[in-house]
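Asks: fold the following.
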Amino acid sequence: TLPEVIEILKTFDLALPNDLSIYFALKLAREDGISSVMTGDGADELFAGYAYMAELPPEDLQRYIMKLSQNWHFSASELGKALDVEVRQPFLDEDFVRFALEISPESKVKDGVGKYILRKSFEDLIPAEIVWRRKEPIEYGSGSTKLHKIIDSVVTDGEFQSAKKEVDIKFINKEHFFYWRIYDQVVGKIPKARDDEVSCPCCGAAMGTYHCPTCGFSRPLL
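Replies: I've put the predicted structure just below:
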């Protein structure tokens, strides 16, 4: 399955375990005869759902969310298309995004709880144990963290050290190398950035202002 996901997304980003979890969920939906799903993509980003965002000063949080909204990318739509499952992402609606960006940071984080105003909005519609549930990263909820240890045991230190010398890519760790090795098999050579594009310092592919979609290299948003 991992090669399929890498081929669809054309990436060897370290976030692949998350993409793998999404792929399995969409595949299961398809097998159950479901042709359309709705995701919460964008909610955590727009309403400070991640724990580290709740720790930012309000002015920094506002700038961070603004930059996130201009540079985000979600794999569900691409994976859904490959599986013939329509993916609807209501939080990414342009009008809704504009509305969310106008909401004050103080309304999004209260007493260390992120997505506060969003949770309050659904308080009378959804059970409290769901509305006020603590955010859990997808890799923990899905169990994909086990993949890290498995890969670490599959790739030897010798293989990794040789790859760092022979391959013109700045691998972050064994897992990064493992994903690239599959990428090299199912996708092929990394398309290098053109002269008019920003070249990723990690793999040489074209990248956006802050993130390389090919290898996952990221620059800080703040």
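Asks: with adjacent residues omitted, what lies nearest to Leu79?
Replies: Tyr23 (5.0 Å; Cβ to Cβ, 6 or more residues apart in numbering). Where C-beta positions appear, they are placed from N, C-alpha and C, glycine not excepted.
Asks: so what's that neighbour up against?
Replies: Counting by Cβ atoms under 8 Å, 6 or more residues apart in numbering, Tyr23 makes contact with Thr1, Glu4, Val5, Ile8, Leu79, Leu83.
Asks: for the host helix or strand of the fifth one, packing partners?
Replies: Applying DSSP states H and E as the criterion places Leu79 in helix 76-82. Other elements packing on helix 76-82 under the criterion 3 or more Cβ pairs under 8 Å, 6 or more residues apart in numbering; DSSP states H and E are helix 2-9, helix 16-31, strand 86-88.
Asks: all the strands of the chain, residue numbers only.
Replies: Using DSSP state E, the strands of the chain run over 36-38, 86-88.
Asks: and those, which is most packed in?
Replies: Most buried of those, by mean neighbour count (mean count of other Cβ atoms under 10 Å): strand 86-88, with a mean of 16.
Asks: which residues does it contact?
Replies: Outside strand 86-88, the residues touching it (Cβ under 8 Å, 6+ apart) are Leu26, Ser35, Ser36, Val37, Met38, Thr39, Ala76, Ser77, Leu79, Gly80, Lys81.
Asks: where does the first one land on pLDDT?
Replies: Listed pLDDT for Leu26 reads 98.
Asks: worst-scoring helix or strand of the protein, pLDDT-wise?
Replies: helix 138-142 (a mean of 82; mean pLDDT, DSSP states H and E).
Asks: mind giving me the packing neighbours of that helix?
Replies: helix 16-31.
Asks: out of the contacts of strand 86-88, who's nearest Arg133?
Replies: Thr39 (16.9 Å; Cβ to Cβ).
Asks: I'd like the contacts of strand 86-88 written out as TSV, with distance to Glu55 added.
Replies: TSV is the format used below for the contacts of strand 86-88 (distance: Cβ to Cβ, whole Å):
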residue	distance to Glu55
Leu26	32
Ser35	40
Ser36	37
Val37	32
Met38	30
Thr39	26
Ala76	27
Ser77	30
Leu79	31
Gly80	33
Lys81	36
